[in-house]
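what's the 3D shape of this:
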Amino acid sequence: MNVSLTPELEQLIHKKVDTGLYLSASEVVREALRLLDERDKLQAMKFEELRKEIQIGVDQADRGDVAPLDVQGTLAKVRTRRKNGAGGA
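Model prediction:
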């Protein structure tokens, strides 16, 4: 398999090997792919949890178990979370 990398990525790989933490460029790429796979799996789990939470809300709405929308209160909570650094993305 041949892979084309930008000069910046090649330099990053060489720096990683130069640290002695990796013996070869292949090890760096394998580790990067393992981390990418781990990140993708974590993101999939987060999306699944979000889908479950949405379904809970839909089920509550279907039962009529809802409160009136408080736009100002919701915006205030969001602003407070952002101000405190809990943006949540």
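
Compute the distance between the residue of the chain lying at maximal distance from its centre and residue 9, please.
Note on the chain: the largest C-alpha distance from the chain mean falls to residue 64, namely 33.0 Å (CA atoms, centre = their mean). Taking CB to CB, to the nearest Å as the measure, residue 64 and residue 9 are separated by 55 Å. Backbone N, C-alpha and C define where each C-beta goes, glycine included.

tell me the SS of residue 2?
The three-state label for residue 2, taken from DSSP: H, G, I helix; E, B strand; the rest coil, comes out as coil.

Quick check: pLDDT value at it.
In this prediction, residue 2 carries a pLDDT score of 90.

how much space between it and residue 35?
According to CB to CB, residue 2 and residue 35 sit 22 Å apart.

Now for residue 55, how many residues are close by?
Residues lying near residue 55 (other CB atoms under 10 Å) number 10.

what is the mean pLDDT for the strand or helix carrying it?
Here residue 55 sits within helix 25-63, counting by DSSP states H and E. Confidence over helix 25-63, taken as the mean pLDDT, stands at 97.

Quick check: next helix or strand after that helix?
helix 71-83.

That next one: how far from the chain's middle?
Taking the mean C-alpha point of helix 71-83 and that of its whole chain, the gap between them comes to 23 Å (CA atoms, centre = their mean, to the nearest Å).
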